[in-house]
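In: return a 3D structure for these sequence lines:
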Amino acid sequence: MKLNELRDNAGATKKRMRVGRGPGSGKGKTAGRGIKGQKSRSGVALNAYEGGQMPLYMRLPKRGFNKPNRKQFAVVNLGILQKFIDAKKLDAKKPITEAALVEAGLVRRKLDGVRILAKGDFSAKVKIEVTGASRAAIDAVEKAGGSLTTAAAPAAE
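Out: Residues are numbered from 1 along each chain as shown. Next up, the predicted model:
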């Protein structure tokens, strides 16, 4: 098989309908828009308009609040961290920092920092330096003989 021999399956592609191209095309004259009225004209936005009635999205009650300056952390579970240490993708002898986690591919990007959570088993004796961690994660790391320091005070889970 050569590149110049590649073809789509028969019937896989269909040419687009060119509207308003004469009566023989089947979509000539009014181009399928009917006769007169707002919807037959160009430059019309009828998305939520209900003929002067209060639109549905305005009638329904609004709840909640989205905090504009909310911090978003990259979350790492201890079980995954242990897997990366076992696979030698993270060096347990050196301190594990946020930069090391990104370099190892454990987190894609730091966002507002990295937060460690206690899900999974952890047994490595390592020094971890991150932005935040749950109380349970700190206890699990210290129980394994390591230390976990955070930039922020540990928040309750």
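In: quick check: which ranges of the protein have low pLDDT?
Out: 152-157 (pLDDT under 70).
In: what is the burial count for Ala144?
Out: If you count neighbours by other Cβ atoms under 10 Å, Ala144 ends up with 17. Yep, even glycine has a C-beta here, placed from its N, CA and C like the rest.
In: okay but it is in contact with Ile128, surely?
Out: No - Ala144 is beyond contact range of Ile128, at 10.6 Å (criterion: Cβ atoms under 8 Å).
In: where along the protein do the helices fall?
Out: Along the chain, counting by DSSP state H, helices occupy 56-59, 78-86, 98-104, 135-143.
In: next one: the second one to chain centre, how far?
Out: Here helix 78-86 shows a centroid-to-chain-centroid distance of 23 Å under the convention Cα atoms, centre = their mean, to the nearest Å.
In: so what touches that helix?
Out: Residues from elsewhere that reach helix 78-86 (Cβ atoms under 8 Å, 6 or more residues apart in numbering): 90, 92, 96, 104, 106, 116-124, 126, 128, 137, 140-141.
In: again with the first one
Out: By Cβ under 8 Å, 6+ apart, the residues outside helix 56-59 that reach it are Ala48, Glu50.
In: which residues touch the residue nearest to Gly79 when sequence neighbours are not counted?
Out: Nearest non-adjacent residue to Gly79, counting by Cβ to Cβ, 6 or more residues apart in numbering: Gly120, 1.6 Å away. With contact set as Cβ under 8 Å, 6+ apart, Gly120 has these partners: Asn77, Leu78, Gly79, Ile80, Leu81, Gln82.
In: could you report the distance from the nearest residue to Glu142 once chain neighbours are set aside to Arg135?
Out: For Glu142, ignoring the flanking residues on the chain, the nearest one in space by Cβ to Cβ, 6+ apart is Leu148 at 7.0 Å. Separation of Leu148 from Arg135 (Cβ to Cβ, to the nearest Å): 10 Å.
In: those two: which is more packed in?
Out: Using other Cβ under 10 Å, the more surrounded residue of Leu148 and Arg135 is Leu148, with 21 against 12.
In: ok now do that one, which residues does it touch?
Out: Residues counted as contacts of Leu148 (Cβ under 8 Å, 6+ apart) are Ile116, Ile128, Val130, Ala133, Ala137, Ile138, Val141, Glu142.
In: for those residues, which entry has the maximal number of neighbours?
Out: Neighbour max across the contacts of Leu148 (other Cβ under 10 Å) = Ile116, 28 neighbours.
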